[in-house]
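Asker: A structural model of the following input is requested.
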Amino acid sequence: MQTEIAKQLAFLKEIDQLKSVLRRSPLIDRSRRENSAEHSWHLAMYALILAPYANQPIQLGSVIQMLLLHDIVEIDAGDTPIHQAAGQSDQAEREAAAAVRLFGMLPEAQGRDLHALWTEFEAGTSADARFAKALDRLQPLIQNVATGGGTWNDFAVSYDQVVERYGPAIEGGAAKLWDEAKDLIREHFEKH
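Answerer: From the prediction side, this is the model:
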């Protein structure tokens with residue numbers, strides 16, 4: 001029987017694989033594509049810096065935990081870009097199965113707690129989850145604007161599609177950030 005520490009260390013070793021899951025988003029310097037671990041870290045920093053803009057009071061620690069956990073399932077399920085239709089139909093099932101496997105590696109209580117945070121993020125019903133989801137949409141939007149279109153160019157995404165796909169989540173968690181993002185989107189599409 002594995003000790004608690006052995007289970008925790010095995011989990012931490014397993015999630016190192018998130019560094020190998022490449023997203024479609026380029027880094028701002030366009031030197032390469034971002035990986036999912038970098039995305040999660042960057043989102044945690046977004047939460048730390050942008051917490052005052054949450055629509056409702058949040059527990060920053062909870063938001064940061066969600067953001068660090070939210071994409072761990074991509075180790076098994078892969079990254080499915082928001083603008084790519086392929087893979088969307090069974091994405092929720094693939095991610096749910098990955099969550100069971102990965103969080104199941106941990107000691108029971110800890111795994112249950114982290115799985116619950118991941119589920120809360122996915123459901124998006126709490127103030128913490130809505131703010132975390134807002135940041136999960138805002139960060140790639142900022143990346144796309146900063147890289148002259150990034151994945152929007154790859155998938156021929158229009159202004160209306162950007163507003164439709166990013167707007168509800170960002171506005172639902174951080175309306176002031178959505179006001180700023182709308183200006184960035186408008187300016188981007190006026191130039192390109």
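Asker: where in the chain is pLDDT low?
Answerer: Within the chain, the ranges that satisfy pLDDT under 70 run 84-88.
Asker: assign a three-state SS to the residue positioned nearest the centre of it, would you?
Answerer: In the chain, the C-alpha nearest the mean C-alpha coordinate belongs to residue 136, at 4.1 Å (CA atoms, centre = their mean). For residue 136, the secondary structure call by DSSP: H, G, I helix; E, B strand; the rest coil comes out as helix.
Asker: would you agree it is in contact with residue 43?
Answerer: Yes. Taking CB atoms under 8 Å as the contact criterion, residue 136 and residue 43 are neighbours in contact, 6.2 Å apart. Yep, even glycine has a C-beta here, placed from its N, CA and C like the rest.
Asker: name the residues contacting each of those two.
Answerer: Each of 67, 70 lies in contact with both residue 136 and residue 43 under the rule CB atoms under 8 Å, 6 or more residues apart in numbering.
Asker: which elements pack onto the lengthiest strand in the chain?
Answerer: Among all segments of the chain classified by DSSP state E, the strand with the greatest residue count is strand 22-26. For strand 22-26, the packing partners by 3 or more CB pairs under 8 Å, 6 or more residues apart in numbering; DSSP states H and E come out as strand 33-35, helix 36-50, helix 127-146, helix 150-154.
Asker: between these, which one is nearest to residue 183?
Answerer: When these are compared for distance to residue 183 using CB to CB, the nearest one is helix 127-146, at 10.1 Å.
Asker: hey, what's the angle from the closest one to strand 22-26? Just curious.
Answerer: An angle of 60 degrees separates the directions of helix 127-146 and strand 22-26 when computed by axes from the mean of the first three to the mean of the last three CA atoms, to 10 degrees.
Asker: other SSEs contacting helix 127-146?
Answerer: Packing contacts for helix 127-146, counted by 3+ CB pairs under 8 Å, 6+ apart, involve strand 22-26, helix 36-50, helix 60-69, helix 108-123, helix 150-154, helix 159-173, helix 175-191.
Asker: let me have the ones you listed in a markdown table, adding distance to residue 90 as columns.
Answerer: Written out in a markdown table, the entries for those read as follows (distance: least, CB to CB, whole Å):
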| stretch | distance to residue 90 |
| --- | --- |
| strand 22-26 | 19 |
| helix 36-50 | 19 |
| helix 60-69 | 21 |
| helix 108-123 | 15 |
| helix 150-154 | 21 |
| helix 159-173 | 20 |
| helix 175-191 | 30 |
